[in-house]
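Q: Generate a structure from the sequence data that follows.
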Amino acid sequence: MNFALVFADKPQEWNTSQFRIVTPGKALAKIKHGVSLIPIQLFQEGTKESEEVCQNADIIVVERNLIGDVITRMVYWLVRGKVIVANYDDNYEEIEETNVAHSYWHNGTAIVTNDKNEQQTMNIFPHPLKQFKLGLKVAYAQVTPSKELCKYFEKYSPAYHLPNYFETGNYIDQPKEPSNDIIIGWGGSVGHIPSFELSGILQAFKNVIEVRPNVKVMIIGDDRILNKIEIPQFNKIFQPYVNFMEWPKIIHKFSIGVAPLAGIYDNFRSIIKPVEYCLTKKPWVASDGPAYQETGKYGTLVENTSDAWTTALLEKIDNLENENIKAEGEPYQWGLDQDVDRNAHNIANVYKKIAKEQAGIEYSDVIAS
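A: Numbering: from 1, shown residues only. Next up is the predicted model:
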């Protein structure tokens, strides 16, 4: 099969396009499928380069920004016999106010620069969510890393679960900095503030530090989350955002990983954090709920109460040597099972299944030359 993979992230915001488009694309290319990457802006404009790529493609996968002339181009290629698939990883309808994309997805506004180089607010019409849902209807199918997302949006087009897979070599055998500190670590965006405020973990951090004053809490990303944690400054470590290649090195500084989730929006998260902790052999604690249910046997899932978080974290801290030994066993092997190259044929088969079931096109196992 030949794929045209249309990615949505810009360089300064590079994040989900790595997991949803680039990493699986590299794996598909390794098993000799034809793969071309297209920035969504060029796809939308119908540039000569993007036209040539799409003309040669069997399947066109469009990431997230189903709006305006992106939808126009989807229709254009649909009626020319291409299998169009939408690919996204969040529930934009339930987006939290703290998320940087809230004004776009919820309010239908965007900040633009006018001819005088001044920034102003622009109202988007039709509303971005209305256009997103229209884009899902145009596509033959949609793929998401969350089974909950599949269920939520499947009324607009058939939804197929396609997990986020990992370039595991980026995570394993990273050098570990020697440290006598016990570090509870987490990294992410300011959009996770409700995850911290509503899960009980903020009080749990206070409880833990009161009885284990040698423990430190490390936050990577946005210091507004760090500022929510009411513990002595001595017990706090902050690291600004790093790029995706540097991120695995940072995780190796953790002694224990955490993944608090709370609220409706978080029910639709993917399992990136549990997998990353397993790949770096870190004991971890996460909120019990729809997002992480399948991962529970590889870490510890807790109710969202401060007592439950406190108990689980203290158990990890006080038995850290044994917890590290456990993390090197089945959890680590499960993490390796999420390797993208191990799952390259699974990725191809999802798209092959979409083509057959939704478009009536059957691709043989003959791979592209």
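
Q: contacts and neighbour counts: CA atoms only from here.
A: Noted.

Q: Show me how this structure divides into domains.
A: Domain segmentation of the chain under automatic domain parsing yields 2-98+128-165+340-359, 168-337.

Q: In CSV: those, plus mean neighbour count, mean pLDDT and distance to residue 117.
A: Conversion of the domains of the chain to CSV gives the following (neighbours: other CA atoms under 10 Å; pLDDT from 0 to 100; distance: least, CA to CA, whole Å):
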stretch, mean neighbour count, mean pLDDT, distance to residue 117
domain 2-98+128-165+340-359, 19, 97, 20
domain 168-337, 19, 96, 28
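
Q: Those into CSV, with extra columns for distance to residue 111?
A: Below are the domains of the chain laid out as CSV (distance: least, CA to CA, whole Å):
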stretch, distance to residue 111
domain 2-98+128-165+340-359, 14
domain 168-337, 19
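
Q: From residue 271, how far out is residue 281?
A: Applying CA to CA, to the nearest Å, the value for residue 281 to residue 271 is 16 Å.

Q: And for residue 101?
A: Taking CA to CA, one finds residue 101 at 21 Å from residue 271.

Q: and the host helix or strand of residue 187, what other elements does it pack with?
A: In this structure, residue 187 sits in strand 182-188 according to DSSP states H and E. Applying 3 or more CA pairs under 8 Å, 6 or more residues apart in numbering; DSSP states H and E, we find strand 182-188 packed against strand 215-221, strand 256-259.

Q: ok, residues contacting the following helix or strand past it?
A: The first helix or strand that comes after strand 182-188 along the chain, using DSSP H and E, is helix 193-199. Among residues not part of helix 193-199, those counted as contacts by CA atoms under 8 Å, 6 or more residues apart in numbering are 96, 98, 202, 225, 260-263, 266, 287, 304-306.

Q: at 10 Å what do you get?
A: 96-99, 201-203, 222, 224-226, 228-229, 259-263, 265-266, 286-287, 302-306, 309 (CA atoms under 10 Å, 6 or more residues apart in numbering).

Q: How far off centre is that helix?
A: Centroid separation between helix 193-199 and its chain, computed with CA atoms, centre = their mean, to the nearest Å, is 18 Å.

Q: Next secondary structure after it?
A: helix 201-211.

Q: List the neighbours of that following helix that are in contact with it.
A: 184, 195-197, 212-217, 225-226, 228-232, 235, 258-261, 286-287, 304-314, 317.

Q: Return the alpha-carbon coordinates of it using PDB.
A: These are the backbone C-alpha positions of helix 201-211, laid out as PDB (Å, rounded to 0.1, in the frame of the first residue of the first chain):
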ATOM      1  CA  ILE A 201      -2.600  13.900  44.400                       C
ATOM      2  CA  LEU A 202      -1.800  17.400  45.500                       C
ATOM      3  CA  GLN A 203      -2.700  16.600  49.100                       C
ATOM      4  CA  ALA A 204      -1.000  13.300  48.800                       C
ATOM      5  CA  PHE A 205       2.300  15.000  47.900                       C
ATOM      6  CA  LYS A 206       1.900  17.100  51.100                       C
ATOM      7  CA  ASN A 207       1.200  14.000  53.100                       C
ATOM      8  CA  VAL A 208       4.100  12.100  51.700                       C
ATOM      9  CA  ILE A 209       6.700  14.900  52.200                       C
ATOM     10  CA  GLU A 210       5.500  15.400  55.800                       C
ATOM     11  CA  VAL A 211       6.500  11.800  56.700                       C
END
